[in-house]
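> below: sequence and its predicted model.
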Amino acid sequence: HGCVTMSTDAPYIPLFRLAKGGLGYVDLVLRHEGSFERLYAMKRLHDIFLDDDDIRSGFLNEARIAGLLRHKNVVGVHDIGDDSKGPFLVMDYIEGISLSRLIKSLEEGELLPLGICLKIAEQAARGLHSAHELRSNTGESLGLVHRDVSPQNILVSFDGLVKVIDFGIAKLLGSSNNTMTGVLKGKSGYMSPEQLRFLTPDRRSDLFALGVVLFEILAGNRLYSSKSGEAPQRILNEPAPDISEVRRDIPPSLVALLFELLAKQPELRPTDAMTVVQRLDEILNEVLMTEDRLSLEIFLQRRFDGYRAELRAKILESVKQKVLRTPERPSEPESIDIVVEDEKTLLTVTASSPSLADNAATLVDTEVPRGGGRMRLVALVLGLMGVAVLGGLIAWAGSGADEVEERTSVPGLIGGTELDASSPTDEEDLGGGS
């Protein structure tokens, strides 16, 4: 396993806010050192929580776990540190959308293709399995449980990779950070029955939450909405729903798997996430015999191509302002104009070149005066075009408010269509989530 470095004065340049929750926020940052430039997502606590020992402990717990997690379906953490603004985590920056916004982007009555749903769930299950099987550097099983699996904590990148994020309230076997009596950590609409009964959760609790997520992407709607406050009672008392009553293209094998995942008793669920992966693979092969073989990457490109261009233009504009120190709206022939139309910060992007991607490439190898010398910004745009660890959004729903706000700085940053750039979630976060 890799390790995470510790920084006290790392050269990260903040660009703009990506997301914020009850406990903290995530900024897009650029690491610029000599000829090295790369975009990351930096996660911090709100100022009011910097002196809270429990919250700081949860934040550092996430860093400890992140130092061990290395899997393509889990967002990696590359650096941790503490500076004048408090502790921070530096994570992969994923160019894409959260699963929650993908669901919210659906039109009334619209459903995601069955194959796309299965591919998303299969990759998420792989990420969870890697976390559940996590071992220390000495080979000891850590018994990790995520405890907050939800569409907000699953990212879908534009290159077709699905990544599980936010291990801020994850539980390690033998951890001294025990849940206090009467305090639940997570989102009420995705908690397993045993969590709601204050029993010790294991990996099968995460599988219950994954079942809720799978049902929601198939149905295009929330299963246990927390708006009314009835989600816990419904999870505890209502029979598991039948997905075949929602859409007719569901094979019996998928209906059976969902019933098992949503079982009230942990022993009736699959034993581990890899079992779920294998069964989803089998179902997907069955589905692809009658459904078009549409890749997740192509699906996202078709649906969110315009948004992706806007996001890249937003990044380029910020880099020009924060790094190259050019005017906000340059007048060069190859210009990109970003217009804030209203309080929702919806962006209108115009360019003189036929393609924004071509326009973006004009920043490559740009030289500007700086302190009597010249700075060359060469590698950044290559990263912006999808090389190495580029990405879109680290969504983080924290706690500490009745209504958790998940906000972005461009339309659809967590959804890709004409969504409000500052849109509250309908989650009730019950403590934790740092």
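Thanks, I have the structure now. Numbers count the residues shown, from 1 in each chain.
> ok but Gly109 is inside a helix, no?
No: assessed with DSSP: H, G, I helix; E, B strand; the rest coil, Gly109 is coil; it does not lie in a helix.
> and it, how many neighbours?
6 (other CB atoms under 10 Å). C-betas here are computed from N, CA, C, even on glycine.
> now the one 10 residues further on
Here the number of neighbours of Lys119 (other CB under 10 Å) works out to 21.
> please name every helix or strand in contact with the helix or strand hosting it.
For Lys119, the host element (DSSP states H and E) is helix 114-132. Packing contacts for helix 114-132, counted by 3 or more CB pairs under 8 Å, 6 or more residues apart in numbering; DSSP states H and E, involve strand 154-157, strand 162-164, helix 203-219, helix 273-287, helix 296-319.
> how about the fourth one as PDB, C-alpha atoms only?
Which is helix 273-287. Extracted C-alpha coordinates of helix 273-287, given in PDB (Å, rounded to 0.1, in the frame of the first residue of the first chain):
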ATOM      1  CA  ALA A 273     -19.300  -7.000  -1.800                       C
ATOM      2  CA  MET A 274     -17.400  -9.300  -4.200                       C
ATOM      3  CA  THR A 275     -20.300 -11.700  -4.300                       C
ATOM      4  CA  VAL A 276     -22.400  -8.700  -5.300                       C
ATOM      5  CA  VAL A 277     -19.900  -7.800  -8.000                       C
ATOM      6  CA  GLN A 278     -20.000 -11.300  -9.500                       C
ATOM      7  CA  ARG A 279     -23.800 -11.400  -9.500                       C
ATOM      8  CA  LEU A 280     -24.100  -8.000 -11.100                       C
ATOM      9  CA  ASP A 281     -21.600  -9.100 -13.800                       C
ATOM     10  CA  GLU A 282     -23.800 -12.100 -14.500                       C
ATOM     11  CA  ILE A 283     -26.900 -10.000 -14.700                       C
ATOM     12  CA  LEU A 284     -25.200  -7.500 -16.900                       C
ATOM     13  CA  ASN A 285     -24.200 -10.200 -19.400                       C
ATOM     14  CA  GLU A 286     -27.800 -11.300 -19.400                       C
ATOM     15  CA  VAL A 287     -29.100  -7.700 -20.000                       C
END
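> lowest-pLDDT helix or strand in the chain?
Taking mean pLDDT, DSSP states H and E as the measure, the chain has strand 422-424 as its least confident helix or strand, at a mean of 31.
> on that earlier part again, out of the helices and strands packed on helix 114-132, which one sits most buried?
strand 154-157 (a mean of 28; mean count of other CB atoms under 10 Å).
> which helices and strands does it pack with?
Secondary-structure packing of strand 154-157 (3+ CB pairs under 8 Å, 6+ apart): strand 96-98, helix 99-104, helix 114-132, strand 162-164.
> just the angle for the helix holding Lys119 relative to helix 203-219, thanks.
160 degrees (axes from the mean of the first three to the mean of the last three CA atoms, to 10 degrees).
> can you pull out the low-pLDDT segments for the stretch 51-200 of the chain?
For the stretch 51-200 of the chain, the stretches with pLDDT under 70 are 168-185.
> still on that earlier bit, looking at the helices and strands packed on helix 114-132, which is closest to His129?
His129 sits nearest to helix 273-287 of all the helices and strands packed on helix 114-132, at 3.7 Å, using CB to CB.
> the closest one vs helix 114-132, what angle?
Using the same axes, to 10 degrees: helix 273-287 against helix 114-132 is 170 degrees.
> and the closest residue to Leu106 other than its chain neighbours, what does it touch?
Excluding the flanking residues, the one nearest Leu106 by CB to CB, 6 or more residues apart in numbering is Gly220, at 4.8 Å. Residues near Gly220 by CB atoms under 8 Å, 6 or more residues apart in numbering: Ile103, Leu106, Glu110, Leu111, Leu112.
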